[in-house]
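In: predicted structure and sequence below. I'll ask about it afterward.
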Amino acid sequence: MATAGGVNGSTPGRSWMYQRLLRGYGPLAVFAVIMVLIAWLVPSRVPRTTVASASASGSPSAQSASNGSAGPNASSSSPNASPAAAATHSGAIASSGGSSSGGGGGGGTTTTPGRVGTCTGPQVPGDPYSPPCTTFSGNNGGATSPGVTATTINVTYRVTSDQSFQQTLAQLAGAQLQDTNADTERTITELADYFNQHFQFYGRKIVVHFFNGQGSLSNELLGQGQAEAEADALTAKQLGAFADISAESEPYAQDLVNEHIMAFGDPYLSAQWHEQNAPYAWSIDTEGSYVAQIAANYAQQKLCPQGSPAVYAGGNLKNAPRKFGLLAPENPWYQVSVQLANQYSIAHGCGSGSIYTYTLDLGTMSQQAANLVAKLKADGITTLFCGCDPIFPVYLTGQMAQQNYFPEFVDVGTALTDQDYVGQLYNQEAFSHAFGVSPNEPTVPYTQTIGYAAYKSVDPSSEPAFFVNLIYLQMDMLAIGIQMAGPDLTPTTFEHGMFNYQPRVGPAGLWGWSPTQFTVPNDVREICWDPNAISPFNNKPGAFVDNDPNERWQFGQIPKGPPNCPSGFPFTPNSGG
C-alpha cells in the first residue's frame, strides 16, 4: 500500500483546498444516507431506552462494571501503565488512571484513581480497526462529562420517517434492502451489546436511547427543516446524550454540535466544517474536500489530457477524443465542489469539463435522465464523472441504453455507488463502461463482514438488518474513541485519543484521525465494473473488480498511466441490465 505523508501528517496538496471547498458535501450522499436509515428506522412510539446486555440472553456481563475489563485478552492484574489512548495530552489518561473533571463538566471527586494497563494484542481480535488491548480496574471518575456517569455512556438515535425514499428503494432493489423496524432496532441493540462486551469502556456501558424526531432527513439534506432539527437536538440533550449516532444531515449534525453533543455520521461535509466543529463532529463518510480532491487527482493521472482517445467508451464514442462532463445535483453546496474540482483539473493540464446538474426529486428523475442524456449526447461528452446519489444512475443508465449512448462512466466512490449490490441495479449495457475509485477493500460475502460476524456472536439465532456492516462501522468509530479516551471520558479526551490512534487498513479503507482529519477513510483503490462477474457479496451477476486490490492510494500518490482495468474491459454483459 502506498503511503505518503500518512494520515496524521500533511498530505501533499490538501491544505490549499481545505479552506476553499464547500461548506457541505451532503447532497452527494442524500440517498446513500436514506439507504442507511432504512436499515436503522425503528417503530414510531414514545422515546425508549435500550441498555445493551452483555449477552444475547441478557445475563450480566462477565466484564462487569466493577473491574471494567473487556475482551478476552484483558487482565485487571496487568501493570499500571498509560495506553496509547492519550498519554501525552492534558485531560487524557495519566498513569494513575482517571481524574475527576477532565474539562467536560459534571465530574465528581475521585479519591482512589483506577488503574489502566496494557495487554497483548488487539482489544478486539477479528476487527482490523481495533485499538491495542487495554486493561482497567478501580474507580473511573464517575460523571466525567454530560451524558457520562460511572456506569453509562448515553447515546441517542433519532428516528425519522421518509416513506417516499423507502418505497422507491423497495421498488428498485427488492427484498434485499427491505428491513423491518424490528430488524433494525434489534441490530442496533445487539451491536451495542457487542461493543460493551469487547471494548474497554472502563466500567461503563453504552446505553442507546431511541426517540421519534420531528425532522425530515430528506428536507435537511437539502438545507431545509432547520427548526425541526434544532428541536430534535434539544430532545437528544434532554435525554442526556453524550453522543448521537444518527447525525446524517448537516442541520441536525450542526445542532447537535451546538448542544455540545458528539455527532456521528454527517454526510461528506467539508474539512473546514469539521475543524470548526471540533471535537464534536465525526463520520465514516469521507469529508467532501477529500472526495473532490482525489477524484480530480485520479482524472489528472489516468484520463488527461482531454482529447486523448476514450478507449473505454462504447458505440460511436469509442476512441473518440475525450470530452469531460461533470454531473452532480444542483444543490449549491455540491456545485461549489464541482467548480473547484474543475479548477483543479484546469490547473493540472486536464482542461475544463462541462458541468451538468439534476434535481434530487424522485418524482421527476426519470424525465430528468431522459433530457440529460439527450443533452450529453448532443454535446459529445465521452467521459462522464458521476457525483451522483445511488438512485439517479438507475434512470440515467437506462436512458443511456435507450438512446444508444455509452460514455466512459467514472465512479468517484461515494454514496454506495461503489457497492456491488447498488451497481447491479443499473442498466448493465451502459454501466459496463464504469470505472473509477473506491475507498473500500474488495467485496466479501455479506456473512463475512465484520458487522455481521459481530451481530451473530451476540445473537446467533436471528439475522441482522441488511446494513449491519455500515451500522457496525459507525459504532466502531465511537467505540474506538471511547476506549482511546481512557476513563476520564470527555469530548476533549475523545479527540485526543482519536489523534493518538495508529492508522490501520480494514474493509472500509485506511482509518486514522488528526487535527485536520475527522472522517474516514483516507485512501482509495481502483475499480472497474464487470457485469458478468459474480459478486461475493450476494452471489449475483455484477461486481467491481480490479487487477491489484492491494494497491491503495492517498491524494498525490496515484501513478500516471491509463486505468489498470482487467484485460477485456469493458466487458459485454451476458444479458441486459
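Out: Arrived safely.

In: what's the longest strand in the protein?
Out: For the chain, the strand reaching the highest residue count under DSSP state E is reported as strand 525-534.

In: now that strand: average pLDDT?
Out: Averaged across strand 525-534, the pLDDT comes to 97.

In: helix or strand right after it?
Out: Later in the chain than strand 525-534, the nearest helix or strand by DSSP states H and E is strand 541-545.

In: measure how that next one sits relative to strand 525-534, angle-wise.
Out: Using axes from the mean of the first three to the mean of the last three Cα atoms, to 10 degrees, the inter-axis angle of strand 541-545 relative to strand 525-534 is 160 degrees.

In: can you give me the neighbour number for the nearest residue to residue 236 once chain neighbours are set aside?
Out: Closest residue in space to residue 236, ignoring its immediate chain neighbours: residue 156 at 4.3 Å, by Cβ to Cβ, 6 or more residues apart in numbering. The C-beta positions use only the backbone N, C-alpha and C, and glycine is treated the same way. Residue 156 has 30 neighbouring residues, counting by other Cβ atoms under 10 Å.

In: same thing with residue 321?
Out: 13.

In: need the contact list for it.
Out: 306-310, 382 (Cβ atoms under 8 Å, 6 or more residues apart in numbering).

In: distance of it relative to residue 300?
Out: Distance of residue 321 to residue 300, computed by Cβ to Cβ, to the nearest Å: 18 Å.

In: right, and residue 481 touches residue 497 too?
Out: Yes: using Cβ atoms under 8 Å, residue 481 is in contact with residue 497, at 5.7 Å.

In: excluding covalently adjacent residues, which one is nearest to residue 359?
Out: Residue 359 sits nearest to residue 330 (Cβ to Cβ, 6+ apart), 5.7 Å away.

In: next up, the contacts around the one you found.
Out: 357-359.

In: report pLDDT for it.
Out: 80.

In: separation between it and residue 360?
Out: 8 Å.

In: so who does the closest residue to residue 128 other than its chain neighbours touch?
Out: Distances taken as Cβ to Cβ, 6+ apart put residue 506 closest to residue 128, at 3.4 Å, once the chain neighbours are dropped. For residue 506, the contact set (Cβ under 8 Å, 6+ apart) comprises 127-129, 441, 450.

In: narrow the residues you listed to those in helices?
Out: residue 450 (DSSP state H).

In: okay if I get the contacts of residue 506 as CSV plus distance to residue 366, neighbour count and pLDDT?
Out: Below are the contacts of residue 506 laid out as CSV (distance: Cβ to Cβ, whole Å; neighbours: other Cβ atoms under 10 Å; pLDDT from 0 to 100):
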residue, distance to residue 366, neighbour count, pLDDT
127, 42, 21, 97
128, 41, 15, 97
129, 40, 22, 98
441, 34, 18, 92
450, 37, 22, 96
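
In: now, the most widely separated pair of the contacts of residue 506?
Out: 127 and 441 (14.0 Å; Cβ to Cβ).

In: quick one: low-confidence residue ranges for the chain.
Out: 1-112, 162-171, 173-181, 331-340, 342-344, 347, 575-577 (pLDDT under 70).

In: follow-up on the earlier one: show me what the residue nearest to residue 128 is bridged to.
Out: Residue 506 forms beta bridges with residue 509, as assigned by DSSP bridges.

In: separation between it and residue 254?
Out: For residue 506 relative to residue 254 (Cβ to Cβ), the value is 29 Å.

In: again with residue 298
Out: 31 Å.

In: who does the strand or helix carrying residue 328 pair with, and is each partner parallel or antiparallel?
Out: Take DSSP H and E as the rule and residue 328 turns out to sit in strand 324-329. Here strand 324-329 has these sheet partners by DSSP bridges: strand 354-358 (parallel), strand 383-386 (parallel).

In: mind putting those in JSON lines, distance to residue 410 included?
Out: As requested, the strands paired with strand 324-329 are arranged in JSON lines below (distance: least, Cβ to Cβ, whole Å):
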{"stretch": "strand 354-358", "distance to residue 410": "13"}
{"stretch": "strand 383-386", "distance to residue 410": "5"}
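
In: residue 323 contacts residue 303, doesn't it?
Out: No: with contact defined as Cβ under 8 Å, residue 323 does not reach residue 303; the gap is 11.1 Å.

In: just to revisit the earlier point, deepest-packed of the strands paired with strand 324-329, please.
Out: strand 383-386 (a mean of 26; mean count of other Cβ atoms under 10 Å).

In: so which residues make contact with that one?
Out: Under Cβ under 8 Å, 6+ apart, the answer for strand 383-386 is 295, 299, 303, 310, 313, 322-327, 353, 376, 393, 396, 407-412, 417.

In: return a PyMOL selection command for the buried portion of the contacts of residue 321.
Out: Filtering the contacts of residue 321 down to the buried ones (16 or more other Cβ atoms under 10 Å) takes a single PyMOL command:
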select buried, resi 306+310+382
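
In: now, the most widely separated pair of the contacts of residue 321?
Out: 306 and 309 (11.1 Å).

In: which neighbours do these two share?
Out: 321-322.

In: surely residue 155 is in a helix?
Out: No: counting by DSSP: H, G, I helix; E, B strand; the rest coil, residue 155 is located in no helix; its state is strand.

In: which ones are touching it?
Out: Contacts of residue 155 by Cβ under 8 Å, 6+ apart are 192, 206-209, 241-245, 478.

In: that older thread, between residue 323 and residue 303, tell me which one has more neighbours.
Out: Using other Cβ under 10 Å, the more surrounded residue of residue 323 and residue 303 is residue 303, with 23 against 20.

In: correct me, but the more buried one touches residue 322?
Out: Yes: using Cβ under 8 Å, residue 303 makes contact with residue 322 at a distance of 6.5 Å.

In: what is in contact with the two at once?
Out: 383, 408.

In: return the residues in contact with residue 548.
Out: Neighbours of residue 548 in contact, by Cβ under 8 Å, 6+ apart: 525-526, 564.

In: what does it show for phi and psi?
Out: Backbone torsions of residue 548, given as degrees, to the nearest 10, read phi -140, psi 80.

In: how far away is it from residue 229?
Out: 43 Å.

In: give me the contact list for the helix or strand containing residue 394.
Out: Residue 394 belongs to helix 392-402 when assigned by DSSP H and E. Outside helix 392-402, the residues that touch it by Cβ under 8 Å, 6+ apart are 31, 172, 358, 365-366, 368-370, 372-373, 386, 388, 405-407, 409, 417, 425-427, 429-431, 576-577.

In: starting at the chain centroid, how far to the helix or strand following that helix?
Out: Sequence-wise, the next helix or strand downstream of helix 392-402 (DSSP H and E) is strand 408-411. Between the centre of strand 408-411 and the centre of its chain there are 22 Å (Cα atoms, centre = their mean, to the nearest Å).
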